[in-house]
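In: Provided below for reference: sequence and predicted model.
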Amino acid sequence: MSQPHQSMRLADYRPPAYTITDVDLTFELEDHQTRVTAVSQVVRQGETQAVLELDGEHLTLLALTVDGEDKTPEQQTDTALVLTDLPEQFELKVVTEIDPANNTALEGLYKSDGTFCTQCEAQGFRRITYFLDRPDVMAKYSVKVIADKHKYPSLLSNGNLVERGDLDDGRHWVRWQDPFAKPCYLFALVAGDFDCLTDRYTTGSGREVALELYVDKGNRHRGYHALASLKKAMQWDEQVYGLEYDLGVYMVVAVDFFNMGAMENKGLNIFNAKFVLADAESATDDDYFNIESVIAHEYFHNWTGNRVTCRDWFQLSLKEGLTVFRDQQFSADMASPALVRIKQARVIREHQFAEDAGPMAHPIRPEEVMEMNNFYSVTVYDKGAEVIRMLQRLLGQGGFRKGMDLYFERHDGQAVTCDDFVQAMADANGVDLEQFKRWYSQSGTPQVTVQSEYDAKHQQLILTLSQHTPPTQDQADKQPLPIPFGVELVDEHGSRSEVLSLSESEQRFCFDHVASNPAIACLTGFSAPVKVKQTIADSDLIRIALKGQDDFVRWDACQTLFSQHIHQLAEDSSRNSSEQVSEALSELIAELLKSPPEDAALLAEMLMLPSFDTLSQQQDIVNVDGLLRARKLIVTRLAQEFATQWQQLVDERPKQDYAYTAEQANWRRLLDRAMFYLAHSELPEAETQLQQVYQDSDNMTQTLGVLTGCQQANLSLFDSLMSDFEQLWRKDSLVMDKWFSLHASRPQDDMAGQLESLMEHPMYSINNPNKVRAIWGPFAMRNPQAFHQADGRGYRLLTDYLLNLDSVNPQVASRLVTPLLAFKRFDLGRQQHMRQQLERLAEQATLSRDLYEKVTRALK
Ligand code: 0A1
Ligand code: ZN
């Protein structure tokens, strides 16, 4: 493969030679020929002869002037416009034409069904006009939008609406002004015909804010939860961080075609409709939870991201890690904190550890990037949030808040670096955070090994902790990190906990007055994103699960116990029954059901077996067939052994009308778990009972719980319920995504026909990322039986599809290729099949930069 794409390095960062202080944009919206006029005030910052290199892609240049005089560019390429011989300060006018209706990549200005909308992060603005498309160029925007009045009654952009009018030809126009200087990635424009929900919010200091939520016509009733979530988030940020909203209007628009979850454009958030719309019949508790959290995330960006932004894209975690941390804090305050923490730990263990172990390993502040869109990663976002959480633990809540205050005091209105953030934390607290900064520059998952010696005579416990970070593909040498390591010692009298500071390769910690040899629970609260190596007896794990104080370690002890047994059974292929190995598991389940924790959601999680992905992260070479077989055996065994209890839990489900409250949602989580086991119980009446639950369901959570149980247990009921479900919902795009996912994640050997027929469904379109993800995501990421078929047919199916998708939407294609990148972790046969498919991709002459970067890294 030749080298068609270049990488950028953090070390090569230079401040821009010119900056832009003000921009005046005019959009004349047409499906295929939208004209954009950009008038920028440009100021030189570098040396006199500095050239001005403007970014631009997929643009037709119609006119270019400098201070009113026509200007011929020195050079024009597919990606840039180079201007020379420029005055120190000038007005630059650029007129371009673009084709929003054919923009299937969904970057820049595009059409989503009948709506014009934009997505400019990270580098989409260069698809609108030639510009300095980098976050350290911050300008004030004035935007005029002109469009057909009948088709597009709502014309929106950032800031405040200052003027509007009608034209004679059936078009109308509006002008928006944003008083805050911002990088172009926060620019947004929307034109469409919506239902609009409105509300008001008064900030602590008395500012009146109009809240406006724009949804597809007919969907108004599904917008109330999002609007209520927004108000909760606004209040929470005032209470917890003293941060208020700063404009007179806050708009949220839901669109059907969107590459990601949502986008924090100043004053005008654009959302994937999936993270806005909900009602009991069509959305699950998880949907409600996600909407609340994504709404909050985008709102919190107004301070962490917009008021203080990133100097360059290598600093992405400055805004994303911090904002994810803030939305996690918020979610924990709104719902079951134990559940929230368990979900986060799962993301890290299933996805982030996998990223570290593969060819795309990178630190939370990457050092080398080819396609920025590939670094909106679980490492930058979720490990980034864990790093902030460790900092908070280190400084205490008060200390962390002081650091945040100083950060805003110093950097409001600026584009800064992760180092600036850490410096504010250090200065506000008078501490040295030099070693802590390694969390930003070092990739990989640290492994902490725990050894204990108990001295009964002196009632003393010595814990020896050692840390080691294995090399990653991007970085061979690793240094010790400062790791807050929470431990809880549990014995028959009770428990005590402490957070140990591990900063060297090996350290000993001594506990006095330890009356008896305790069970040692590690990583309370998931105190650090590390793997723990510890030899621990089943009896200790059961003790921690039942008697521990920390919810996370209680759950984790169950996970470890399950994992240990599944791995044992997986390695012994001669056994096709789990009789001999499951005594400890039976004891655990029996005790949990007898004296359950108060939080039903915690119980539900404790009863859940680790996923295939979690289990595979615990092996160097994944034993696909063994793990699938062993996991299934244990599920069936527990399903049968406790069949009456599962049945009883299902029968005794509360029958109130649906409301999204923590109490009800936690209960439904437990019901889900019980239905899953009931479906596997092989009781003759199980199907009738599940059908009854389906029939009397007034909400999507319960309905989906039945369907998932039947699907996983391969009950014939699944097919009839799925037909019924399709009849009911076939016109509803978001609900049909659930139906697609259920089909695509159904465990089976041959999926070719199934996938084919899903793609023939009238609701499916390769242009809509939600549809693509609803089918191919579950198939490639949550259906190991189908995807990892030993003859490689699953890998081939995915690759055939990616070859088409890449030319339509490279960003989405690039996310879906992830499971193939991990090929080195599989047996030789599978490795070969996966590699073959990656090579097929690599041979494509026109492969996007997105896929090219991942595929070449993987094949290196
Ligand atoms: N900043 C947004 C995420 C986002 C990133 C990139 C996008 O397009 C390439 C779109 C959205 C967030 O963190 O919510
Ligand atoms: Zn974000």
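Out: Received the coordinates, thanks. Ligands and ions are numbered 1, 2, ... in the order given.

In: Could you report the pLDDT at Ser578?
Out: pLDDT recorded at Ser578 is 60.

In: repeat for Val252
Out: Val252 is given a pLDDT of 99.

In: so how far is the helix or strand where it lies off the chain centroid?
Out: Element membership for Val252, per DSSP states H and E: strand 249-255. Chain-centre distance of strand 249-255: 20 Å, with CA atoms, centre = their mean, to the nearest Å.

In: so what's Ser452 up against?
Out: By CB atoms under 8 Å, 6 or more residues apart in numbering, the contact set of Ser452 is 461-464, 520. For the C-beta atoms, the positions are set from N, CA and C on the backbone; glycine is no exception.

In: if you set the cut-off to 10 Å instead, what comes out?
Out: 461-465, 487, 489, 509, 511, 517-518, 520, 534-536 (CB atoms under 10 Å, 6 or more residues apart in numbering).

In: And the buried ones among those residues, selectable in ChimeraX?
Out: Written as a ChimeraX command, the selection of buried residues from those, which uses 16 or more other CB atoms under 10 Å, is:
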select :461,463,465,487,489,509,511,518,520,534,536
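
In: Just the ones of the contacts of Ser452 in strands?
Out: 461-465, 487, 489, 509, 511, 520, 534 (DSSP state E).

In: Do the helix or strand following the strand holding Val252 and ligand 2 come into contact?
Out: Of the helices and strands lying after strand 249-255 in sequence (DSSP H and E), the nearest is strand 262-263. No. Applying CB under 5 Å from the ion, one finds strand 262-263 separated from ligand 2 by no less than 8.1 Å.

In: Could you pull up the residues touching the residue of the stretch 651-800 of the chain found nearest ligand 2?
Out: Evaluated by CB to the ion, the stretch 651-800 of the chain has Pro769 as its residue closest to ligand 2, separated by 17.3 Å. The contact partners of Pro769, by CB under 10 Å, 6+ apart, come to 104, 106, 256-260, 272, 805, 808-809, 811-812, 815.

In: among these, who's most crowded?
Out: Neighbour counts for those, by other CB atoms under 10 Å, peak at Val812, which reaches 26 neighbours.

In: If we ignore the residues flanking it in sequence, what's nearest the residue in the stretch 101-250 of the chain positioned nearest to ligand 1?
Out: Minimum separation of the stretch 101-250 of the chain from ligand 1 (CB to the nearest ligand atom) falls at Glu121, amounting to 4.4 Å. Distance criterion CB to CB, 6 or more residues apart in numbering; nearest residue to Glu121, sequence neighbours excluded, is Tyr185 at 4.2 Å.

In: Could you do Gly165 as well?
Out: Trp173 (5.7 Å).

In: That neighbour: helix or strand, and which one exactly?
Out: Assigned by DSSP H and E, Trp173 belongs to strand 171-182.

In: and that strand, which strands flank it?
Out: strand 139-148 (antiparallel), strand 160-166 (antiparallel) (DSSP bridges).

In: winner for burial among those?
Out: Highest mean neighbour count among the strands paired with strand 171-182 (mean count of other CB atoms under 10 Å): strand 139-148, with a mean of 21.

In: So the residue lying closest to Arg346 once chain neighbours are set aside versus ligand 1, what's the distance?
Out: In this structure, Arg346 finds its nearest non-sequential neighbour in Thr614, 7.1 Å apart by CB to CB, 6+ apart. Distance, Thr614 to ligand 1, by CB to the nearest ligand atom, to the nearest Å: 25 Å.

In: now swap in Glu687 and tell me
Out: Remark: distance between Glu687 and ligand 1 (CB to the nearest ligand atom) = 42 Å.

In: Over to His788?
Out: In terms of CB to the nearest ligand atom, His788 sits 29 Å off from ligand 1.

In: Could you shift the numbering so residue one becomes 14, and keep it that way?
Out: OK, 14 is where the count begins now, so the last one is His801.

In: wait, isn't that residue in contact with Gly807?
Out: Yes. With contact defined as CB atoms under 10 Å, His801 counts as touching Gly807 (6.1 Å).

In: if I look at the two, which residues touch both of them?
Out: With CB under 10 Å, 6+ apart, His801 and Gly807 have common neighbours 793, 832, 843, 846-847.

In: ok, now which ones touch the nearest residue to Lys837 once chain neighbours are set aside?
Out: Counting by CB to CB, 6+ apart, Lys837 lies nearest to Gln844, which is 6.6 Å off, once chain neighbours are set aside. By CB under 10 Å, 6+ apart, the contact list for Gln844 reads 634, 835-838.

In: State the distance from whichever residue of the chain sits closest to ligand 1 to Asn285.
Out: When you check the chain against ligand 1 by CB to the nearest ligand atom, the closest residue turns out to be Met273, at 3.6 Å. Separation of Met273 from Asn285 (CB to CB, to the nearest Å): 7 Å.

In: Can you check which residues contact both of the two?
Out: Residues touching both Met273 and Asn285 (CB under 10 Å, 6+ apart) are 307, 782.

In: mind listing the helices for the stretch 414-563 of the chain?
Out: Assigned by DSSP state H, counting those that start in this stretch, the stretch 414-563 of the chain shows helices spanning 431-442, 451-454, 551-560.

In: Mean pLDDT for the ones you listed - can I get that in TSV?
Out: Formatted as TSV, the helices of the stretch 414-563 of the chain follow (pLDDT from 0 to 100):
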stretch	mean pLDDT
helix 431-442	99
helix 451-454	98
helix 551-560	98
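
In: which phi and psi does the residue nearest to Thr92 when sequence neighbours are not counted have?
Out: Spatial nearest neighbour of Thr92, chain neighbours left out: Glu70 (5.5 Å); criterion: CB to CB, 6+ apart. Note on Glu70: backbone dihedrals following degrees, to the nearest 10 are phi -140, psi 140.

In: cool, the one 10 residues further on as well?
Out: Asp80 adopts backbone torsions of phi 50, psi 40, taken as degrees, to the nearest 10.

In: quick one, what contacts it?
Out: For Asp80, the contact set (CB under 10 Å, 6+ apart) comprises 99-100, 102-106.

In: So which of these are in helices?
Out: With DSSP state H as the criterion, helices contain none of the contacts of Asp80.
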